[in-house]
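Trainee: Give me the fold of what follows.
(3 chains)
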Amino acid sequence: MPELPEVELARQVLEGALERKISAVDDTDEYVCRPHLPGDIAGALTGGALVAAHRRGKSLWCATVGPGGDPGPTLGIHLGMAGWLVVDSPDGERAGGEPFRDDQPDVKFRRFALDLADGGYLRLFDKRRLARVRLEPDLDELGPDAGEIGPAEFAERVGRGKAPLKARLLDQSVLAGVGNLLADETLWQARLSPSAPAGELSPKELDTLYRALESSLAAAIKHGGVHTGEMIPFRKAEAYCPRCGGPMTHGTVGGRTTWWCTVEQP
DNA sequence: ACTCGTGTTAGCTG
DNA sequence: TCAGCTAACACGAG
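Mentor: Reported below is the predicted structural model:
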């Protein structure tokens, strides 16, 4: 579910947990916390505090301090396909929650938790269990954030190779933050075929794509997520392009379900 | 009962 | 060596 816009919201949720003493850590989900063993993360964080919340693409990480205020290990969080964060603040307000749902998260989906000394908490929920929590995450392979890259670097990184353009956009080492829905939305906005070889795009097409990405991102951040894209509601059978009325079709591109307009994105 | 999947990655192939 | 592709991951949703 989460792409860059949702993860940015999650980062803001995380900020609510900063500078609050950690009294206990539940790191017992061995799959979510792998390769750490239960107790590893707890031992590293208990008594300390998160002090900064960062994001690049879909990856989150927190700087921490130990009990004495000395620098602690970095805590990495990736929400995977279906994770979400909840932080309970001292004033009783709760931030975060499963996107587009109001019901209380089921405790059986709780995969990681920090108890805070002031009585609050940070919790990670994930139905699919594909979220990841780890100490000292390796961020070296991550490309520049899709929201911060400039047009020249975008063209240089994306406009190369024989892979389908969509696969290039989804490659987090090329560009960090674009997921399946945002990729389809961006390609549709740019009127470009998802399966065109990335390296064969003209400079003009790459510029169009760059501007489509930035505007799609801005719209998604403004509206709280990628589900609000103009084309997204048409990702279903018997759909027609909301712009030209031509038939939408779908298939697999870059290993992911892909929708495109048969008229404008041939 | 059975298939699909909004993200990542190990492992295979040409 | 490496770009590119596929299957696997866990498990809920349809």
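Trainee: burial of A:Ala82, as a residue count?
Mentor: Neighbourhood size, A:Ala82 [other CB atoms under 10 Å]: 17. C-betas here are computed from N, CA, C, even on glycine.
Trainee: for the closest residue to DNA strand C within the stretch 51-200 of chain A, what are its contacts?
Mentor: Among all residues of the stretch 51-200 of chain A, A:Gly161 sits closest to DNA strand C, at 2.8 Å; criterion: CB to the nearest atom of the strand. The contact partners of A:Gly161, by CB atoms under 8 Å, 6 or more residues apart in numbering, come to A:Arg168, A:Pro197, A:Ala198, A:Gly199.
Trainee: Can you select the buried ones among these for me in PyMOL?
Mentor: In PyMOL, a selection of the buried entries from the contacts of A:Gly161 looks like this (16 or more other CB atoms under 10 Å):
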select buried, chain A and resi 168+198
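Trainee: and the closest residue to A:Ile221 other than its chain neighbours, helix, strand or coil?
Mentor: Once flanking residues are discounted, A:Ile221 sits nearest to A:Pro5: 4.6 Å by CB to CB, 6 or more residues apart in numbering. Secondary structure, DSSP: H, G, I helix; E, B strand; the rest coil: A:Pro5 is helix.
Trainee: From DNA strand C, how far off is A:Ile22?
Mentor: A:Ile22 is 25 Å from DNA strand C, where distance means CB to the nearest atom of the strand, to the nearest Å.
Trainee: Any idea which helix or strand in chain A has the lowest mean pLDDT?
Mentor: The weakest-scoring helix or strand in chain A, judged by mean pLDDT, DSSP states H and E, is strand A:94-96 (a mean of 66).
Trainee: what's downstream of the helix or strand hosting A:Ala42, the next helix or strand?
Mentor: Element membership of A:Ala42 [criterion: DSSP states H and E] is helix A:40-45. Downstream of helix A:40-45, the next assigned helix or strand under DSSP H and E is strand A:49-56.
Trainee: anything in that next one sitting right up against DNA strand B?
Mentor: No: with CB under 7 Å from any atom of the strand as the criterion, DNA strand B is not reached by strand A:49-56; the gap is at least 10.2 Å.
Trainee: Show residues contacting that strand.
Mentor: A:7-8, A:11-12, A:14-15, A:17-22, A:60-65, A:75, A:114, A:122, A:139, A:142, A:144-145, A:176-177.
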